[in-house]
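Undergrad: With the input below, show me the fold.
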Amino acid sequence: MTPPDVDANLAVRLLRRAAGQPDRIAIRQGDRAISYAELDRSVRQAGAVLRRAGVEPGHRVALLFPNDHRFIEVLLAAIRIGAVAVPLNTRAGPASLRQVLADAAPAALVTHPELAGHAAELAGPSGPPVLVADDDWAGTESPDLAAHPVSPGDVCLQPYTSGSTGAPKGCLLTHGGQYWNASTVAEVWELNDDDRGLITAPIYHKNAMICVVKPLLLVGGTVVIGESPRPAAIPAEVERHGCTYTTGVPATYELLLDSGEQEKHDLSTLRFVICGSAPLSDELGRRFADGLGVRVIEAYGLTEGGPQVLMNPRGGEPRYGYAGRPLPGCEVRLLDVDEMPVDGVSGVPEVPAGTVGEMWVRNPGVTSGYHRLPATTAARISPDGWLRTGDLAIADDGWYRVLGRADDMMNVGGENVYPIEVEKLLLTMPGVRQAAVVPVPHPRKGQVPVAFVKADGLTEDQVREYALAQGAPHAHPRRVWFVGELPLGGTGKIDRGSLVEWATERMNRMETT
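TA: Model prediction:
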């Protein structure tokens, strides 16, 4: 085992530019510009505050922040002193957040002044002490607080999964694994110190953290924190700060193009945009690229998987609809396995080329386990280190097309139907702008697909007939409902759970009338 070393500490590695290029701008937020030297000083001061509050190496520190520079400062401070940062989903309900706090048992809950009341309610009288990170919370001192030495396998982050299939689970991410992921992302996307990455998505989420915050700090670039979460605000931020890229989900760019703001601002500094967290169809990828005038780079990851697993490169012919190739140092296998093999999965044959399999990944960034859940860890991580993602994919000459969650797949009269494939088909129909397909119960076929569509000048019969003519008969939507907007979850992905409830209610009403 590698002995503990200060140089293995993730926060130390991310802040090395503070010594070599102290005057470079690390973070921009509105009119505020924070240099690497100022960021380093703020991290040290925040670390001193945490120590005075009783936080020791190995303790958990929960963070409840909107998109704000102090989130980055406190997160790095906790990691630097050897504690484990626990980012909280500000859009989650109180019950879910209390579950997370009970599981993590943090030594402190640090929050933004705007969320101080909410944090106090969540902590309650017997919970962790609440520290409010206002502008003066760390004082003016610049303590000479040494970073804590760690081993690469020591845990530094404990983000929680969304809990869509049960209670949120804490993913144990390590110093070495997160450095590998950040450095590899920077390498594949050719990021350097003149890049400025814009964040409008939730900063606590893996999309913003691994696509912007970690790799840009590592190479000495600038993290730009947008003042508004609205996609329509992106063009103004790009023009104001000279941003070279941004990140989002398909709905981000759909709403941006709908706003027309891209026509009103100078986007000449923009080099590419990243689209992740949900599968991207070929049609949407090309529409986004044409509308923004830059390459759209699709990527795939999951909280416990690296987080980043698959990426499209910046160069070469774009392959929209493919999540990309595995990162260097990341292995991916597509398997058909019911139970976890006792001896691991390295010897299990992959599914034949061109057929659907469940994605398993192995890389240095894969979670070392789920906090306080040994049975879940054993069921999801094989003895030889492969993580079972629960996502279905098809391999094509080293490129991977992600079809969505295995739980989302429908069995329609014995035929497998993948919602993302039906959605891609519907998006090829002129007039269809967005589509989401979910299952509803059927007395004979078990399940059938139905669709929620955002479209211009179409009827339900036209959409159904198009799907029947262009796709497999068993996969066509039995009902099509038109909506002004699709419901989105906290991270900007389509809220399929809500759509299933809506569809089931509508089908039940039809049966009773």
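Undergrad: so where's the stretch 101-250 of the chain shaky on pLDDT?
TA: Filtered on pLDDT under 70, the stretch 101-250 of the chain yields the residue ranges 140-143, 162-166.
Undergrad: Relative to the whole chain's centre, how far out is the strand or helix carrying residue 467?
TA: Residue 467 is part of helix 460-470, with elements assigned from DSSP states H and E. Taking C-alpha atoms, centre = their mean, to the nearest Å, the mean C-alpha location of helix 460-470 is offset from the chain mean by 34 Å.
Undergrad: Stretch 26-40 too?
TA: Shown here is stretch 26-40, whose average C-alpha point lies 24 Å from the average C-alpha point of the whole chain (C-alpha atoms, centre = their mean).
Undergrad: one step back: tell me the average confidence for the helix holding residue 467?
TA: Along helix 460-470, the predicted confidence averages to a pLDDT of 91.
Undergrad: what does the following helix or strand past it rub up against?
TA: Remark: after helix 460-470, the chain's next helix or strand is strand 480-482, criterion DSSP H and E. Under the criterion C-beta atoms under 8 Å, 6 or more residues apart in numbering, residues 450-455, 458, 460, 463-464, 502-503, 506 lie in contact with strand 480-482. C-beta here means a position set from N, CA and C on the backbone, and glycine is covered the same way.
Undergrad: Please flag which of the residues you listed sit within helices.
TA: In this view, these that belong to helices under DSSP state H are 460, 463-464, 502-503, 506.
Undergrad: Now that we have those, can you turn them into CSV and tack on neighbour count and distance to residue 288?
TA: Written out in CSV, the entries for the ones in helices among the contacts of strand 480-482 read as follows (neighbours: other C-beta atoms under 10 Å; distance: C-beta to C-beta, whole Å):
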residue, neighbour count, distance to residue 288
460, 14, 27
463, 23, 22
464, 16, 27
502, 17, 27
503, 22, 27
506, 14, 31
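Undergrad: can you redo the residues you listed as TSV with distance to residue 285?
TA: TSV is the format used below for the ones in helices among the contacts of strand 480-482 (distance: C-beta to C-beta, whole Å):
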residue	distance to residue 285
460	27
463	22
464	25
502	27
503	27
506	31
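Undergrad: and of the contacts of strand 480-482, the nearest to residue 34?
TA: Proximity to residue 34 was ranked across the contacts of strand 480-482 by C-beta to C-beta; first place goes to residue 454, at 39.6 Å.
Undergrad: so what's that closest one scoring on pLDDT?
TA: pLDDT, the model's per-residue confidence, is 92 for residue 454.
Undergrad: So what's the residue count around residue 500?
TA: 15 (other C-beta atoms under 10 Å).
Undergrad: For my notes, confirm it occurs in a helix.
TA: Yes - per DSSP: H, G, I helix; E, B strand; the rest coil, residue 500 lies within a helix segment.
Undergrad: SS state for residue 147?
TA: Following three-state DSSP, residue 147 is assigned to coil.
Undergrad: related to what we said a few turns ago, between the contacts of strand 480-482, which sits nearest residue 333?
TA: residue 451 (32.3 Å).
Undergrad: before we move on, back to that, what is the helix holding residue 467 packed up against?
TA: Applying 3 or more C-beta pairs under 8 Å, 6 or more residues apart in numbering; DSSP states H and E, we find helix 460-470 packed against helix 419-427, strand 446-455, strand 480-482.
Undergrad: tell me the mean pLDDT for the shortest one?
TA: Across strand 480-482, pLDDT averages out at 94.
Undergrad: re earlier: let me have the contacts of strand 480-482 in CSV, extended by distance to residue 409.
TA: Conversion of those to CSV gives the following (distance: C-beta to C-beta, whole Å):
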residue, distance to residue 409
450, 15
451, 16
452, 18
453, 21
454, 24
455, 25
458, 27
460, 25
463, 22
464, 21
502, 20
503, 17
506, 22
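Undergrad: which of the residues you listed lies closest to residue 261?
TA: When the contacts of strand 480-482 are compared for distance to residue 261 (C-beta to C-beta), residue 454 wins out at 18.8 Å.
Undergrad: mind checking how far the closest one is from residue 398?
TA: In this structure, residue 454 and residue 398 are separated by 34 Å, where distance is defined by C-beta to C-beta, to the nearest Å.
Undergrad: try residue 365
TA: Computed with C-beta to C-beta, the distance linking residue 365 and residue 398 is 20 Å.
Undergrad: which of those two has more neighbours?
TA: Regarding residue 365 and residue 398, a neighbour count based on other C-beta under 10 Å identifies residue 365 as having more, with 27 against 9.
Undergrad: Compute the distance between the more buried one and residue 437, please.
TA: In this structure, residue 365 and residue 437 are separated by 32 Å, where distance is defined by C-beta to C-beta.
Undergrad: ok, how many other residues are close to residue 10?
TA: Each residue near residue 10 was counted by other C-beta under 10 Å, and the total is 27.
Undergrad: Next up, the contacts around it.
TA: The neighbours of residue 10, taking C-beta under 8 Å, 6+ apart as the test, are 79, 156, 175, 178-179.
Undergrad: Of these, which is the most crowded?
TA: Neighbours were tallied for each of the contacts of residue 10 (criterion: other C-beta under 10 Å), and the maximum of 28 neighbours falls on residue 79.
Undergrad: how near is that residue to residue 105?
TA: 18 Å.
Undergrad: just the helices and strands packed on helix 460-470: most buried one?
TA: Comparing the helices and strands packed on helix 460-470 on average neighbours per residue, with mean count of other C-beta atoms under 10 Å, the densest one is helix 419-427 at a mean of 23.
Undergrad: Now do it: which elements does it pack against?
TA: Packed next to helix 419-427, using 3+ C-beta pairs under 8 Å, 6+ apart, are helix 282-292, strand 399-405, strand 432-442, strand 446-455, helix 460-470.
Undergrad: and with 6 Å instead?
TA: In this structure, helix 419-427 makes packing contacts with strand 399-405, strand 432-442, judged by 3 or more C-beta pairs under 6 Å, 6 or more residues apart in numbering; DSSP states H and E.
Undergrad: Make a markdown table from the ones you listed and add mean neighbour count to it.
TA: Compiled in a markdown table, the helices and strands packed on helix 419-427 are given as follows (neighbours: other C-beta atoms under 10 Å):
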| stretch | mean neighbour count |
| --- | --- |
| strand 399-405 | 21 |
| strand 432-442 | 20 |
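Undergrad: Need those in TSV (columns: mean pLDDT and distance to residue 354).
TA: Conversion of those to TSV gives the following (pLDDT from 0 to 100; distance: least, C-beta to C-beta, whole Å):
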stretch	mean pLDDT	distance to residue 354
strand 399-405	88	10
strand 432-442	88	22
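Undergrad: No further queries at this time; thank you.
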